[in-house]
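# got a sequence here, can you model it:
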Amino acid sequence: MHGCVCVEAEEMTHKKRNFYLTITLLLLVIIGVRASMSTAVTWYVNKKLDEPKAYHGEVGDIDLHLLRGAYEIENIKIVKISGEQDIPLFSAKKIELSILWKALLKGNLVGKAELFAPEINIIDSKKPERAQTGKEASWLDVISDLFPLRMDRILIHNGSLHFRNIDKKPAVDVFIADLQASLINFTNSSKISGSLLASLEIRGTVMHDAKLNMAAQIDPFAEQHHFDVNGELTGLNIMALDNLIKTYAPFDIEAGKLDLFWEIAAEKGYVEGYIKPIIENIDVFSWKEDVKKEGDNPLQVLWENIVGSASQLFRNQKTHRLATKIPFTGRIDNPQIGVWSALVGIIKNAFVHALESKPENLVDLPETELPKNEHSKTENSEPKQSDAKPPHHKK
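Numbering: from 1, shown residues only. Purely as a prediction, here's the structure:
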């Protein structure tokens, strides 16, 4: 009897040992398969990033999250092959691509992309091999290959955007930092969000101090442009743009602070809007800077003196601001700019009524409504243009 008990105990111990061994082997197989998949996906992504002939792309690592239906691309970098500088066209600390589960529960298979610390560098140069814009490649095709689902939501965290000119010494570098952005309902589905319009929000810091805020509503699948954009840039120290102005303008500015406001709406091929620049304490000519320090030629000194005198004459004496509103309207491919209205606006600001440093809230699109029989756009249906009226001024 005692021997039977010992045999049974040994059998139980053996079964437990086999069970734990099986579990261990299964876990090792899963880990091995996952590691193999990560290696294979990393190879595939690097291959796709290398397909644009003018650019070379590579990633540091890829992590798969099978249960979440997501994968992360770490330390991605895309550089121009013929470039003479080591400034990437695009880089990011991490990109996460995933299935949007809330949309899936509603019957829509769409995706979400989150970009962490992305950076884009646009470079202007007289030498084509040094210029860098990214237009040589079809990046939408590359993105589609990396993630075949349609993107409904794109989020950007702590991004930056640079415009550079490396021909000049010192080099031009105008940038937006701390860039936070969200693009929601890009699939144009009322079933997912209750609206046919995608919403875009952007905020960031321009040249260390100025604050950028912009909001837009867009119909990404409309046959003709349909959007409503409002934005403002406040507190920009113009001296931060000194290298840019010297490179691209026939004068330079020695002092001043810029606020910029804009409202733009487009519908059915027509666009309407305005840009309102307000410059406080502008100073174009400085004898110490332009003549003694920089040694500008006499004609340059004369021209900057004329521009400086005009800016002093037409700025409001109470607010010390030079300001106007530049309206435009017409077909989107050939809008008419209200030059005369802009000139009148300068005079009014100087001598009649100072323009306020805030948006006008004049241009808008009417509320977009769904047709009564239009419930939503399903995953396989064709996008449908909303029934909106042309842009108009608010009363």
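
# so which strand or helix has Val142?
helix 139-146 (DSSP states H and E).

# now Ile95. Its backbone dihedrals?
phi -130, psi 130 (degrees, to the nearest 10).

# assign a three-state SS to the closest residue to it other than its chain neighbours, would you?
If the residues on either side of it in the chain are set aside, Ile95 comes closest to Ile73, at 4.5 Å by CB to CB, 6 or more residues apart in numbering. From N, CA and C alone the C-beta is placed, and that goes for glycine too. In three-state terms, and counting by DSSP: H, G, I helix; E, B strand; the rest coil, Ile73 is strand.

# Leu49 is in contact with Ile73, correct?
No - at 9.5 Å, Ile73 does not count as touching Leu49 under the criterion of CB atoms under 8 Å.

# can you list residues touching both of these two?
Val59 (CB atoms under 8 Å, 6 or more residues apart in numbering).

# for the residue nearest to Ile95, list each beta-bridge partner.
Ile62, Ile95 (DSSP bridges).

# Leu183 now?
Beta bridges link Leu183 to Ile154, Leu200, judged by DSSP bridges.

# surely it meets Ala198?
Yes - counting by CB under 8 Å, Ala198 is a contact partner of Leu183 at 6.3 Å.

# higher neighbour count, those two?
Taking neighbours as other CB atoms under 10 Å, Leu183 and Ala198 compare with Ala198 leading, 23 against 20.

# from Asp228, how far off is the more buried one?
Ala198 sits 11 Å away from Asp228, going by CB to CB, to the nearest Å.

# likewise for Ala113?
With CB to CB as the criterion, Ala113 and Asp228 are 24 Å apart.

# same thing with Glu96?
Taken as CB to CB, the span from Glu96 to Asp228 is 30 Å.

# now swap in Ile282 and tell me
Ile282 is 31 Å from Asp228, by CB to CB.

# settle it for me: which of those two has more neighbours?
Asp228 (23 against 20).

# any idea what the more buried one is bridged to?
Gln217, Ala265.

# what residues are up against Ala215?
Counting by CB under 8 Å, 6+ apart, Ala215 has contacts Ser199, Leu200, Glu201, Ile202, Val229, Asn230, Gly231.

# my read: the fourth one touches Asn230, true?
No - counting by CB under 8 Å, Asn230 is not a contact partner of Ile202; they are 11.1 Å apart.

# okay, and the common contacts of those two?
In contact with both Ile202 and Asn230: Met214, Ala215, using CB under 8 Å, 6+ apart.

# pull out the buried positions in the helix or strand containing Gly57.
Using DSSP H and E, Gly57 maps to strand 55-58. For strand 55-58, burial by neighbour count (16 or more other CB atoms under 10 Å) applies to Tyr55, His56, Gly57.

# tell me what that strand is packed against?
Contact analysis of strand 55-58 by 3 or more CB pairs under 8 Å, 6 or more residues apart in numbering; DSSP states H and E lists helix 2-49, strand 70-80 as its packing neighbours.

# any weak-confidence spans in the chain?
1-41, 46, 66, 83-85, 104-106, 140, 188-195, 250-252, 284-314, 365-395 (pLDDT under 70).

# how is it carved up into domains?
Domain ranges of the chain: 37-184, 227-375, per automatic domain parsing.
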